[in-house]
Structures are given as C-alpha cells and as structure tokens.
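Student: let me see the structure of the following:
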Amino acid sequence: MTLVAILVSLISVAVSVYALGVANDAKDAAGSAQQAAPAGNNQPNANNGNEGGNNQPTAAATTARPAVTTKAPRPATSPGELDPKAEFTESWSPSTINLEIHPPSSYGSRNIDLDKPEVGSSGDAADMQLVVSNGEFFTFDRDAKVVTMNSADVQPNDCAAKFDTSRLAPDTQINVKTADLTLCVNTSFEAAQHQGIKWKIVLLHVTGVAADGTVNVALKAWNVPD
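Tutor: I've put the predicted structure just below:
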C-alpha cells in the first residue's frame, strides 16, 4: 500500500469518528430538553377544541343548604312595663260587670276600685273617682294609665299598644256625658303589688247617665301576665 492510500484511509476514519460524536451530542441535548418540559404537558387541554377534552371537574361540587330562619325572641319587659303582644287572661266571670256609680249628695267625689270592682272603696285602693263639680267627671289615680278608645269592641292588646303613645295626662277630667265614652285603664302596678292582686287592664264603657247623675258603666278586665 502506498503512503498516499494510507493517509486517505486515516482521514476517512477520523471524519467518521467526528460525525459519530456530533450525532451523539445532538441526541443527548434532545433528551435533556424533553426531561425539562413541564409535567402533564402531554395531557389534552379542555380548551383546545378537541372532542372528548378534559371533562373532569376542576373544583369540588358544593351542595346548597337551605337557609335557616330563627324566630327573634320577644324582648323581656321590666316590672311595671306592658308588652302589647303578651297573652292577657280575663279577670272575671262573667267577663262583663255592670256597675252603678251614684254621685255624692253634694260637691265631692266617690272612689271606684276597678280591681274588684267596687264603688266607695278607700282612697288607697281607688283607681278612679266620680267627681261632681259643675258637672260630673271621671278622674284617675296618678299611677294609672288611661287612653280613650273609639269602640267598646277592643282587646287588651289594642289598649296596651296605646298606653305609651296616647296616654292622657294624669290630671285629666273626662266628662261622663261624653258620647259613647270608652276608656282603657291600666291600673297602678305599685298598688297591685302592695295589695297582692293581679295587675290589670280594664275596659270601661259608659252605658248611660241617669237624670239624678247616676252613671252606669260596663267593665271588662284582663290580668297582665307576670
């Protein structure tokens, strides 16, 4: 073999070795790039428009719960304070008592106890008075609450709702001859406690006034719950 032929063979071998090295480097670089790609990159995208895309829910399903409503507790009342929504019970049987109130023989007053009811009671037990002074008038104990009503067909809750907003002044005198006179009276809480009796709401309706001044009234009463 000539020297030239030997040199050509050596050059061919060197070129082959170099080409093989370049190919292996390229293969190694491709493998490294594939390992560096984000995980799951080969999963179908639900938004890529392909049919049968990712149909798994992305968030846990939630079950709606019905709203829970609670009834607001009724506000507690202090002693001597009325709750217009309270359950009042009738004080008397029969429920209506008719009372004749005879005027004094001269200028003066006659006491009326609405709790029993009774005419001519002592001053300590009196809730109201029939006063004769240039006419006949009802006056009431200063601790009693009094309101006028438009009808005798009312319930104690109707009365209780008006005591704080439409209460008459303590010194008010009411003419007994007022047409269709109907009053609600809340008796004195302190007096009821002192006498050991039930605190009451009394409905008073004047049914007539005689020529001699005798006043006829119809009374209904309800106990205020403790």
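Student: now Leu219. Nearest residue, chain neighbours left out?
Tutor: Ile97 (4.9 Å; Cβ to Cβ, 6 or more residues apart in numbering). Using the backbone N, CA and C atoms, a C-beta is placed for each residue, glycine as well.
Student: report the contact partners of the one you found.
Tutor: By Cβ atoms under 8 Å, 6 or more residues apart in numbering, the contact list for Ile97 reads 117, 218-220.
Student: name the element Lys162 belongs to?
Tutor: Following DSSP states H and E, the helix or strand that holds Lys162 is helix 156-163.
Student: list the contacts of that helix.
Tutor: 82-86, 88, 145, 147, 149, 184, 186, 201, 203, 222.
Student: distance to Gly123 added to those residues, as CSV?
Tutor: As requested, the contacts of helix 156-163 are arranged in CSV below (distance: Cβ to Cβ, whole Å):
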residue, distance to Gly123
Leu82, 25
Asp83, 30
Pro84, 31
Lys85, 34
Ala86, 30
Phe88, 28
Lys145, 19
Val147, 24
Met149, 27
Cys184, 23
Asn186, 19
Ile201, 22
Leu203, 24
Trp222, 25
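Student: which PyMOL command selects the buried ones in those?
Tutor: Applying 16 or more other Cβ atoms under 10 Å to these, the buried members can be selected in PyMOL as follows:
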select buried, resi 82+88+145+147+149+184+186+201+203+222
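Student: what about the helices in this protein?
Tutor: In the chain, the helices defined using DSSP state H lie at 3-36, 156-163, 189-195.
Student: and the strands in this protein?
Tutor: 89-90, 96-101, 108-113, 118-119, 128-132, 136-140, 145-148, 174-175, 182-186, 200-209, 215-223 (DSSP state E).
Student: let me know which of the ones you listed is tucked in deepest.
Tutor: Comparing the strands of the chain by mean neighbour count (mean count of other Cβ atoms under 10 Å), strand 182-186 comes out on top with a mean of 23.
Student: domain parsing for this structure?
Tutor: Here the domain parsing of the chain from automatic domain parsing is 1-31, 89-223.
Student: quick one: low-confidence ranges for the protein?
Tutor: The chain contains residues with pLDDT under 70 at 1-78.
Student: switch the cut-off to 80
Tutor: Low-confidence segments of the chain, defined by pLDDT under 80: 1-80, 105-106, 122-124.
Student: what bridges to the residue lying closest to Ser121 once chain neighbours are set aside?
Tutor: Excluding the flanking residues, the one nearest Ser121 by Cβ to Cβ, 6+ apart is Asp113, at 3.7 Å. Listed beta-bridge partners, Asp113: Glu118 (assigned using DSSP bridges).
Student: from Asn150, how far out is Ala86?
Tutor: From Ala86 across to Asn150, the span is 22 Å (Cβ to Cβ, to the nearest Å).
Student: and if you look at Ala161?
Tutor: Applying Cβ to Cβ, the value for Ala161 to Asn150 is 13 Å.
Student: what does His194 give?
Tutor: Taking Cβ to Cβ as the measure, His194 falls 33 Å from Asn150.
Student: hmm, back to that, would you check that the residue nearest to Ser121 makes contact with Asp124?
Tutor: No: contact criterion Cβ atoms under 8 Å: Asp113 and Asp124 do not qualify, at 9.6 Å.
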